[in-house]
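Trainee: Sequence first, then the predicted structure, then my questions.
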Amino acid sequence: MVIAMTKGLSLARGVYQDRGLRMRELRKSGKKIIGYICLYPPVEIITALGMIPFRIFGDMNETITAADQVSTTLVCPFLRSIIDLALKGKFNFLDGVVGAHTCDIGAGLILQWRDFVKSPNFSHLLDVPHTDHAPAVDYFEGQINSFKRHLEEFAGQQLTDDKLAKAIELHNTQRKLVRQLYDLRKPDPPLLTSMENLEVLVALFSLPVDEGNELLENVIADVQERKDKPDKKKARLLVWGPVFDNTSLYELIESAGASVVVDDTCVGTRAFWADVKPPYDLHSLAQHYLVDIKCPRTYRQAQPAELKKNYDKDLESRFDYIKKAVTDWKVKGAILQSVKYCDTHGYEVPNLRHYLDGLGIPSLYIEHDYSERSLAPIKTRVEAFVETLG
Amino acid sequence: MSETATPAKTDQKRAINRLKSMYPLRNLVQQDYIDTLNASNEGKPTVWAMLNYWEGDLPLKAMGLNIVYPENYSTLLASTGSAESFLDASDSDGYPTHLCGYGRSTIGYSYRMMKDLNGRIPPEAPLGGMAKPTLLLGSGIICDARFKWFQALGRYFDAPQWVLEMPMMGTAEGTEPDLEGYQIKFLVRELQAFIAFLEKLLGRKMDWARLEELIDLAVKIHETNWQISELRKSIPGPMHSTDFWSSMPPSLFFAGDMATALKLYQDMLAEVQERVNNKIAGINYPEKYRIVFSELPPWHSLKFFDSLAEKGWNFVFESRGYHAPRPLDFSHVSDPLEKLARLSRNFIFSIHPCALEDGIANPVAEVYLQTAREFKADGFFLHPLISCRAASAGLRSVQDFLMKRLNVPTLWVEGDIIDKRVFNPQETLARAEAFEQTMEHYRKVRKAQGLDW
Ligand code: SF4
Ligand code: SF4
């Protein structure tokens, strides 16, 4: 059944289809646009200094050509796609670019950008420690502070406590609204599809936070009153993994007869599941990004300095939030997806599958190279998997 | 340039003129495996550690622990042709095949030990194998595999784990004025926590005097290695890369007894000096081309370098990531943990100011530009790996800057550290032959530009 889009959803689709559109308009009106890579640059600081954070994604439909001059084919294809687009001038509406040591190669992308893309002039790389140890949080606060100073200089204004608190509140509101958006997929059938959900999220990463919040409010209100709901499907699935910013995978899964009702991905829930907690200062930001965002790039264990490893407890401490999602969204199966060459996620796969087994949740692991083309061979595996869930 | 160098006395048996001083250094790491097995048999604690650029090695040694390095052991698996069954075991347990070859072989080894053999060492493991660990020490240095793969080992071992932190960042940010201070503070706090953890785990106190002694030895070992590297700039190159790789563990992770290692490196320094004085090359053929290798070698096919040596290819330098950094002056620092923090941090940050001065963001590219100039390289052998992002990602930048700035050409050969199926020696030799003409051409270009090699 083809379902009619609400006004909010069609607005989201428009932004999803041309992510730079609003940014170009805002730039014309004198706003500065700061592109950032992955989830770890604290967007609150960009907003607080009157600039617009824009999350940089690649393009799964654009064949990588220019990047071959500066990057080998043996690294994360998502990052290769980004540098490819940058070299082709597709991010020329940016006034600055910010990266973080989310993963080793992700950090290297900023260096490539400096060496080969050269514009925009402003660029910054935040070091992100690898553990959630207390000294690591303090160190990361230092890194956020140096980012703040650098950006203040670029913005020509100081970051006051008040401005920071207001920006954090705005972003926390966005987080709360996204959680409400996800609640719309708790019923069976869900009130919106995973493709629609992703379009809204990608739109949020492409709009100023206040406009994103308005969009979310509209979408939520519209969808709650929606008459023609998505169909009830055979199984309710969770999708896990690193970046996936294109609806094609969800289309593939949904056309195999399953609804994706929740996810643990870095375009999905990860950025929105936890709020920045008061007091709204740089330390709270460090705590939020390093400790509260649950991404496999950070090493955590059941107890700091534990003297014996208990595998089950270890899994519980790393993945218990997934258990909650499984229960709350009545998940029946999980698809673990990853781009090739992603180490932070790759090492996680057997452990997470084992944990899901323990919850009685069957899972399928699929790998792709961040292109729609690479999804075609996966289709039969997904269909066979969904079949087993019946 | 190098074609005028005096050939070494030709030894018909070997194409590479191995340093005598290399052999006892190579044996030191082998002794570590045996000592660790013995310790394990006696019920003493044993450690598996990732390369950590010394911040973990020295406290462990000061507490008298026996350590093995699965990264190093994996090179042994590759060079003895025993890696494949372990790789298969890792695949069968569901780990993606694109992960680090060292990681996959260690995971496979652990799987065999714990799932198939009830904790016993796999009988097919060379050198008696790695003893079962009682502590797993990961690190956040250089690649994500170094902590993710040890975390994954929690699936097989109930050994406690610790992950050492090390700041990793971009060039410009790495030179901010207040950065050094708060990074050192961070590292010292982390080291304090690590030592408190070790003390609790082992039920005994850190031997601080021993730690200071070991730090002093570490500094001396690095200074000696630095001096050897400086001598290697001579023409002809007195030491071949294969000798470096065979002798590096006592400097890279302080394998073996450190006082013995220092003495052996001093012997090596003397031998290299003697070769320099007498213009003796690291190959037993006239040095026609001075080649730098980046980054990790094909451990399974080291014989391949003999064929290149026969053609006059002298690998005069290699693998910057394995070398001791330029020595630092520690005389103003009294706290041993601060010294240790500075020693390790120096490995990461020593190159940042030079890169900035050269207008380069990627420190790896800067490192190799310096190397090309100082070693008067005719060409670079770049070896991107299917299973290591860290050693491959920056190589296009290296290639680009070498050509753009210095007209030094590169031979790009995809391969792997462990998986020999992806390396084709015949095809590479054919390409090497064509590459000789390229090197000849760029020699002329450089000379025309006023460069002196
Ligand atoms: S997908 Fe993995 S490798 Fe790629 S940027 Fe994200 S964390 Fe890094
Ligand atoms: S640097 Fe490369 S080879 Fe070494 S452990 Fe990391 S991923 Fe593996």
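Mentor: Everything's here; your move. Ligands and ions are numbered 1, 2, ... in the order given.

Trainee: Near the closest residue to B:A281 other than its chain neighbours, how many residues? Count them for me, please.
Mentor: In this structure, B:A281 finds its nearest non-sequential neighbour in B:P236, 3.6 Å apart by C-beta to C-beta, 6 or more residues apart in numbering or on different chains. (C-beta placed from N, C-alpha, C; glycine too.) As a burial measure, B:P236 scores 26 neighbours (other C-beta atoms under 10 Å in any protein chain shown).

Trainee: what's the answer for A:P362, then?
Mentor: 15.

Trainee: wait, what's in contact with it?
Mentor: A:G333, A:A334, A:L356, A:F385, A:T388, A:L389 (C-beta atoms under 8 Å, 6 or more residues apart in numbering or on different chains).

Trainee: Next up, phi/psi of it, please.
Mentor: Backbone torsions of A:P362, given as degrees, to the nearest 10, read phi -70, psi 150.

Trainee: I'd like the distance between it and B:M439.
Mentor: 57 Å (C-beta to C-beta, to the nearest Å).

Trainee: I'd like to know which elements the lowest-mean-pLDDT helix or strand in chain B is packed against.
Mentor: Every helix and strand of chain B was ranked by mean pLDDT, DSSP states H and E. The lowest is helix B:352-357, at a mean of 90. In terms of contacts (3 or more C-beta pairs under 8 Å, 6 or more residues apart in numbering or on different chains; DSSP states H and E), helix B:352-357 is packed against helix B:363-375.

Trainee: buried residues in the helix it packs on?
Mentor: B:P363, B:V364, B:A365, B:E366, B:V367, B:Y368, B:L369, B:T371, B:A372, B:R373, B:F375 (16 or more other C-beta atoms under 10 Å in any protein chain shown).

Trainee: Can I get that helix in PDB? Just the C-alpha atoms.
Mentor: Output of helix B:363-375 as PDB, limited to C-alpha atoms (Å, rounded to 0.1, in the frame of the first residue of the first chain):
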ATOM      1  CA  PRO B 363      52.300  13.700  10.000                       C
ATOM      2  CA  VAL B 364      53.000  10.400   8.300                       C
ATOM      3  CA  ALA B 365      53.600  12.200   5.000                       C
ATOM      4  CA  GLU B 366      56.000  14.600   6.800                       C
ATOM      5  CA  VAL B 367      57.900  11.700   8.400                       C
ATOM      6  CA  TYR B 368      58.600  10.200   5.000                       C
ATOM      7  CA  LEU B 369      59.400  13.500   3.300                       C
ATOM      8  CA  GLN B 370      62.100  13.900   6.000                       C
ATOM      9  CA  THR B 371      63.200  10.300   5.500                       C
ATOM     10  CA  ALA B 372      63.500  10.700   1.700                       C
ATOM     11  CA  ARG B 373      65.700  13.800   2.100                       C
ATOM     12  CA  GLU B 374      67.900  12.500   4.800                       C
ATOM     13  CA  PHE B 375      68.300   9.000   3.300                       C
END
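
Trainee: Parallel or antiparallel, list what pairs with the helix or strand that it is followed by.
Mentor: Next along the chain after helix B:363-375, taking DSSP states H and E as the criterion, comes strand B:379-382. If you go by DSSP bridges, strand B:379-382 pairs up with strand B:289-294 (parallel), strand B:410-412 (parallel).

Trainee: Give me the next element, helix or strand, following strand B:379-382.
Mentor: helix B:395-406.

Trainee: Show me how far that next one is from its chain's centre.
Mentor: A distance of 22 Å separates the centroid of the chain from that of helix B:395-406, by C-alpha atoms, centre = their mean, to the nearest Å.

Trainee: Return the residues of chain A in contact with ligand 1.
Mentor: A:76, A:78-79, A:102-103, A:105-106, A:242-243, A:297, A:339, A:342, A:344-345 (C-beta under 6 Å from any ligand atom).

Trainee: check contacts around the residue of the stretch 251-390 of chain A found nearest ligand 1.
Mentor: Here the stretch 251-390 of chain A gets closest to ligand 1 at one residue, A:C342, 3.2 Å apart by C-beta to the nearest ligand atom. Contacts of A:C342 were listed using C-beta under 8 Å, 6+ apart, and they are A:C76, A:C103, A:P242.

Trainee: A:G50 is in contact with A:Q157, correct?
Mentor: Yes. A:Q157 is within contact range of A:G50, at 7.0 Å (criterion: C-beta atoms under 8 Å).

Trainee: before we move on, the earlier item: which of the contacts of A:C342 lies closest to B:R396?
Mentor: Lowest distance from B:R396 to the contacts of A:C342 (C-beta to C-beta) belongs to A:C76, with 14.2 Å.

Trainee: number of nearby residues for that closest one?
Mentor: 29.

Trainee: how close does B:K288 get to B:L385?
Mentor: The value you get for B:K288 to B:L385, if C-beta to C-beta is used, is 27 Å.

Trainee: the more surrounded of these two?
Mentor: Taking other C-beta under 10 Å, B:K288 and B:L385 do not tie; B:L385 has more neighbours (26 against 21).

Trainee: who's that one bridged to?
Mentor: Here B:L385, judged by DSSP bridges, has bridge partners B:C388, B:G415.

Trainee: For ligand 2, which of the strands paired with strand B:379-382 is the nearest?
Mentor: Short answer: strand B:289-294, nearest of the strands paired with strand B:379-382 by C-beta to the nearest ligand atom, at 13.0 Å.

Trainee: Following element in sequence after that closest one, please.
Mentor: Taking DSSP H and E, what comes next after strand B:289-294 is helix B:304-310.

Trainee: What residues of that following helix count as buried?
Mentor: Applying 16+ other C-beta under 10 Å to helix B:304-310 flags B:F304, B:F305, B:L308, B:A309 as buried.

Trainee: again with stretch B:224-237
Mentor: B:224-229, B:231-237.

Trainee: Counting neighbours, what do you get for the residue in the stretch 1-150 of chain A positioned nearest to ligand 2?
Mentor: In the stretch 1-150 of chain A, the residue that lies nearest ligand 2 is A:D104 (8.3 Å; C-beta to the nearest ligand atom). Here the number of neighbours of A:D104 (other C-beta under 10 Å) works out to 23.

Trainee: OK, contacts around it?
Mentor: A:D343, B:I142, B:C143, B:D144, B:M168, B:R389, B:A390, B:A393.

Trainee: now the helices for the stretch 201-350 of chain B?
Mentor: B:208-231, B:241-247, B:249-252, B:258-277, B:304-310, B:336-349 (DSSP state H, counting those that start in this stretch).

Trainee: Any idea how far the fourth one is from the middle of the chain?
Mentor: Right, helix B:258-277. For helix B:258-277, the distance to the chain centre is 19 Å (C-alpha atoms, centre = their mean).

Trainee: What number of residues are in the vicinity of the residue of the stretch 351-453 of chain B found nearest chain A?
Mentor: Using C-beta to the nearest C-beta, B:A361 is the residue of the stretch 351-453 of chain B that sits closest to chain A, at 3.6 Å. B:A361 sits with 23 neighbouring residues when counted by other C-beta under 10 Å.
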